[in-house]
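[1] please work out how this folds:
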Amino acid sequence: MAKIPEYMLKNQSFQNRAIAFNDQLEVNEYPPYHPERRTIPVGARPLENGNVFVTFYAPEAQSVSAFHEDVSIELEKDENGVWSGELPYDEPGFKQLGFRVNGVRVMNPMAPIAFGSGRPINYVDIPDTACEYLLLKDVPHGSITHEIFKSSVTGRYETCLVYTPPGYKHDLDKRYPVIYLQHGGGENEMCWVYQGKINYIMDNLLAEGKAVPALIVMNNGMVQVGDGKGGLVVDKEKFQDLLIEDCIPMIEKEYRVKPGKENRAIAGLSMGSLQSGKIIMERTDMFSAAGLFTGFLPPRTPVSELPYLKVLDNAEFFNKEVRLFFRAMGNKEPSIPLFASEAKMCDEKGIKYVERIYPGGHEWRVWRAAAHDFLQLVFK
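    Purely as a prediction, here's the structure:
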């Protein structure tokens, strides 16, 4: 991995997370003047070489280890009860970070916390020297608004995050197109901001004049519905109805947006990519562009069982109605053969598309890059 320059290691973009905007600092276990007062250090700190210095405060523990997908290391304990070590990483980006105390997986409250895999997780964000577009720079910044609305589909209150570009609050006569951007399975509406850095990506592109100013709306695609027994279950298939029947009408009522399908785009990663692919094919009357950041063919469903693919049989119609059909994937993604099958299908049917393949697997490193490219193409 290339040496990471200090200005990237210290950029605030990589410290922003759902629970805090500023850096995590060391804290004290006991109040001032307590005779056993101890300092608890920060739980994860990326180093210039791309590895991460990790710590875990556990004075009574017998063993503490730190790990990610490929590597696990045993940490060493000092006289203050702080376990530490250097966890090696081969690639930059948003990466898994786990801890085990006495063999039991636990959360580290001093390491960054996000939401993924259906629960809070520890992670580390190792700066990528090739991705300056993720940094928090001295440019005009948009705003993130947290909206709550009642859903006619679920009968419950739902929420979405809305990015409005710089100038939205001041130029009250201007209207904007909208991108409806979805997360992956086990995530939620906050992930494209805190994991994806989508607001900084858009801020920087707008400052460079490379993107059309637009709203970005992020919903929770893991839609919860009643299970008939007093509990809740996830029904991902309900997302399309929630989006079209509830969210879009709310956005078009509350925000200054341009009307019509030509001013709406749908995009997403992983589960959100599959959802977006289905929606763009079933509702060409609602959207004129799609960004599919992990393909559109489900890995375990035969093509014959996907009736919405029939719209691709009429290439003249689809190419006219969908102005931008953007497909992207990482070159280490397990479903890269399926991605190639999609391209073959589109080529045989005469479907026009833009394709991008990036270094990486099923990870935010790829999806951030895909969003960066998609935003430069949509609504143009």
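
[2] what about the residue lying closest to L232 once chain neighbours are set aside, distance to S151?
    The shortest distance from L232 to any non-neighbouring residue, by CB to CB, 6 or more residues apart in numbering, is to Q224 (4.6 Å). C-beta here means a position set from N, CA and C on the backbone, and glycine is covered the same way. In this view, Q224 and S151 are 10 Å apart by CB to CB, to the nearest Å.

[3] tell me how many other residues crowd K137.
    Using other CB atoms under 10 Å, the number of residues around K137 comes to 15.

[4] on that earlier part again, tell me which of Q224 and S151 has more neighbours.
    With neighbours defined as other CB under 10 Å, Q224 and S151 compare such that S151 has more, 19 against 15.

[5] which residues does the more buried one contact?
    Applying CB atoms under 8 Å, 6 or more residues apart in numbering to S151 gives the contacts Y157, E158, L242, D246.

[6] of those residues, which is the most crowded?
    L242 (23 neighbours).

[7] pretty sure it sits against V223.
    Yes: at 5.8 Å, L242 counts as touching V223 under the criterion of CB atoms under 8 Å.

[8] overlap in contacts of the two?
    V153, T154, E158.

[9] of the residues you listed, which belong to strands?
    The members of the shared contacts of L242 and V223 that map onto strands under DSSP state E are E158.

[10] what's the closest of the shared contacts of L242 and V223 to M107?
    The nearest member of these to M107, counting by CB to CB, is E158 at 27.1 Å.

[11] give me the nearest residue to that closest one, chain neighbours excluded.
    In space, and not counting its chain neighbours, E158 is closest to S151: 4.6 Å by CB to CB, 6+ apart.

[12] for R264, same thing?
    Per CB to CB, 6+ apart, closest to R264 is F287, 4.9 Å.

[13] also P92?
    Per CB to CB, 6+ apart, closest to P92 is D128, 3.9 Å.

[14] please apply the same query to G361.
    G361 sits nearest to K332 (CB to CB, 6+ apart), 3.9 Å away.

[15] now the helix or strand hosting L206: average pLDDT?
    Assigned by DSSP states H and E, L206 belongs to helix 198-207. For helix 198-207, mean pLDDT rounds to 98.

[16] the longest helix in this structure is where?
    helix 336-349 (DSSP state H).

[17] just the buried residues of it, please?
    Neighbour counts over helix 336-349 (16 or more other CB atoms under 10 Å) mark L338, F339, E342, C346 as buried.

[18] what mean pLDDT does it have?
    Average pLDDT, helix 336-349: 97.

[19] what lies in contact with it?
    For helix 336-349, the surrounding residues in contact (CB under 8 Å, 6+ apart) are 295-297, 299, 303, 312-313, 315, 325, 327, 329-330, 333, 351-353, 355, 357.

[20] of the residues you listed, buried ones?
    G295, F296, L297, L312, F325, R327, M329, G330, E333, I351, Y353, I357.

[21] quick check: the farthest pair among the residues you listed?
    Spatial extent of these (CB to CB) is set by the pair L312 and G330 at 23.8 Å.

[22] where's G230 relative to E158, distance?
    20 Å.

[23] buried ones in stretch 171-187?
    Neighbour-count burial for stretch 171-187 [16+ other CB under 10 Å]: Y176, P177, V178, I179, Y180, L181, Q182, H183, G184, G185, G186, E187.

[24] the fourth one is in contact with I216, isn't it?
    Yes: with contact defined as CB under 8 Å, I179 reaches I216; the gap is 4.9 Å.

[25] for the residue nearest to I198 when sequence neighbours are not counted, give me its contacts.
    Closest residue to I198 apart from its sequence neighbours, by CB to CB, 6+ apart: W192 at 4.6 Å. Contacts for W192 (CB under 8 Å, 6+ apart) come out as L161, L181, H183, I198, I216, M218, A371.

[26] can we see that at 6 Å?
    Shown in contact with W192 (CB atoms under 6 Å, 6 or more residues apart in numbering): L181, H183, I198, M218.
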